[in-house]
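K.L.:
Turn this into a model:
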Amino acid sequence: MPVSSTQGTTPAQLGPPSSITKAERSLAPDIARGGMLLFIAIANVAIYVHGSGIDSYGHFTDSTTADHIALFFEKLLAAERSRPMFAILYGFGIAVMASRMFARGMDPKGVRKVLRRRSWWLILFGFIHATFLFFGDILAPYGATGLIALGFVHLSDRALRRWLIGSSVVVVVVSLPIFAWAYSGNSGNTGGTDELSNYAVQMVFGAAVSIGFTTVFTVLGLFVPLVLIGMMLQRSGWIDHPEEHLPGLRKVFVSGMVVNVLSALPVALVGLGVWEPPTFLFVSAMYLTLLGGMYAGLGYICGFALLAHRWRAKSRRGLPGAFAAVGERSLTSYLLQSIIMAPLLSAWGLGVGAHVGYLGAYGIAFGTWAVTVALAVLMDKAGRRGPFEVLLRRLTYGRKRTA
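P.N.:
All right, here's what the predicted structure looks like:
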């Protein structure tokens with residue numbers, strides 16, 4: 001990436017960049033973030049459900065037929081897709097921030113300093129989130145991955161491709177098999193168990209899991225190739241300017257949905273209760289859905305970019321505006337999901353999670369997402385940014401200085 005000739009310029013000398021105005025924002029990334037948050041809510045909600053036995057595949061033993069059908073479609077279309085989408089869009093955001101700072105004349109060292117500070121704050125946000133609300137937090141692992149991504153922001157496109165290939169090989173050969181084995185005995189339905197009915201125990205458990213997850217995700221580099229893909233998408237203009245890349249977007253979307261269904265089908269059949277594979281085959285099925293989910297996540301993002309192109313005439317009005325409003329406030333909306341669902345469903349809270357199955361839980365997840373959309377629209381109409389976005393920006397850049 002070319003750098004301005006103002007070498008040696010520091011963030012303090014330039015002051016924080018102005019916020020991106022709504023007119024400057026690209027519609028497609030915001031719509032993609034808004035849709036991604038629904039995937040996240042559906043993927044996370046089962047952690048809060050409790051009061052039931054767990055079978056050898058990590059599924060509830062007292063599920064009704066309706067629950068099995070709901071779980072089938074969740075495994076087929078959403079499971080292990082939200083994290084790849086999040087990682088790709090996170091990399092996209094890093095590249096957007098870096099490109100704006102480079103355009104203002106900041107040198108690579110100064111850019112990395114700002115992004116490093118932001119990454120550490122995200123790690124802290126995630127740790128607090130995991131400790132007090134949701135042990136499945138993903139902000140801290142992404143923040144740690146952001147520290148790795150500091151070394152990529154100034155590289156050429158060719159160098160990024162080389163790193164993408166190398167990191168992908170490591171993830172496919174080493175990281176995903178480890179995660180598939182670890183995941184095979186637990187589908188994430190442990191967050192609301194009776195052992196976590198004591199809030200103090202939940203806090204200790206959440207803090208420990210946050211540290212462990214962040215360390216493991218960082219060491220294994222699971223998100224690195226996805227973050228690199230996001231950075232490359234920003235440079236190519238695929239998401240910012242979908243009208244210029246429609247054939248490629250359609251190709252990736254269609255192929256991504258084919259991979260999505262085929263790679264997730266074995267695990268989905270287990271969730272439906274019609275296949276009971278031995279451990280080795282179930283681990284293999286988990287590996288397949290994790291691997292396919294990485295490409296499927298990219299496919300979904302391309303689909304949202306195509307949707308944004310179709311909605312371009314409406315811009316940020318109506319349904320496109322609602323998706324974009326929550327996408328603009330993705331950090332706030334993500335944390336709001338936990339603020340709503342954790343006290344409502346958890347064993348340490350109101351305990352509603354003990355009285356709903358998969359179908360009810362997914363309904364609550366959709367309702368929670370809808371509430372965050374409504375709140376985002378209200379903030380948008382009032383001209384207010386998300387409070388956690390404002391806080392993160394203040395912590396990253398400090399108070400505004402005169403250049």
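K.L.:
Tell me who's in contact with Leu395.
P.N.:
Arg117, Arg118, Trp121 (C-beta atoms under 8 Å, 6 or more residues apart in numbering). All C-beta atoms are positioned from the backbone trio N, CA, C, and that covers glycine.
K.L.:
Let's see if you can find the most crowded of the residues you listed.
P.N.:
Arg118 (21 neighbours; other C-beta atoms under 10 Å).
K.L.:
so that one sits right up against Arg394, yeah?
P.N.:
No. Using C-beta atoms under 8 Å, Arg118 and Arg394 do not qualify as a contacting pair, with a distance of 11.2 Å.
K.L.:
gap between the two ends of stretch 184-201?
P.N.:
25 Å (C-alpha to C-alpha, to the nearest Å).
K.L.:
Point out where the chain drops to low pLDDT.
P.N.:
Residues of the chain meeting the criterion pLDDT under 70: 1-24, 185-196, 399-403.
K.L.:
now the helices for the stretch 251-400 of the chain?
P.N.:
279-310, 318-328, 330-345, 358-381, 387-397 (DSSP state H, counting those that start in this stretch).
K.L.:
how about the fourth one as PDB, C-alpha atoms only?
P.N.:
Backbone C-alpha positions of helix 358-381 (Å, rounded to 0.1, in the frame of the first residue of the first chain) are rendered in PDB as follows:
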ATOM      1  CA  TYR A 358     -34.000 -24.900  20.500                       C
ATOM      2  CA  LEU A 359     -37.000 -23.500  18.700                       C
ATOM      3  CA  GLY A 360     -37.900 -21.100  21.600                       C
ATOM      4  CA  ALA A 361     -34.300 -20.100  22.000                       C
ATOM      5  CA  TYR A 362     -33.900 -19.200  18.300                       C
ATOM      6  CA  GLY A 363     -37.100 -17.200  18.600                       C
ATOM      7  CA  ILE A 364     -35.700 -15.300  21.500                       C
ATOM      8  CA  ALA A 365     -32.500 -14.700  19.600                       C
ATOM      9  CA  PHE A 366     -34.400 -13.300  16.600                       C
ATOM     10  CA  GLY A 367     -36.500 -11.100  18.900                       C
ATOM     11  CA  THR A 368     -33.300  -9.800  20.600                       C
ATOM     12  CA  TRP A 369     -31.800  -9.000  17.300                       C
ATOM     13  CA  ALA A 370     -35.000  -7.200  16.300                       C
ATOM     14  CA  VAL A 371     -34.800  -5.100  19.500                       C
ATOM     15  CA  THR A 372     -31.200  -4.100  18.700                       C
ATOM     16  CA  VAL A 373     -32.300  -3.100  15.200                       C
ATOM     17  CA  ALA A 374     -35.100  -1.000  16.600                       C
ATOM     18  CA  LEU A 375     -32.800   0.800  19.000                       C
ATOM     19  CA  ALA A 376     -30.200   1.300  16.300                       C
ATOM     20  CA  VAL A 377     -32.800   2.900  14.100                       C
ATOM     21  CA  LEU A 378     -33.900   5.200  16.900                       C
ATOM     22  CA  MET A 379     -30.300   6.200  17.500                       C
ATOM     23  CA  ASP A 380     -29.800   6.800  13.800                       C
ATOM     24  CA  LYS A 381     -32.900   9.000  13.600                       C
END
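K.L.:
neighbouring contacts of it?
P.N.:
Contacts for helix 358-381 (C-beta under 8 Å, 6+ apart): 34, 37-38, 41-42, 44-46, 48-49, 60, 63-64, 66-71, 74, 321-323, 325-326, 328-329, 332-333, 336-337, 340-341, 344-345, 352-353, 356, 385-386.
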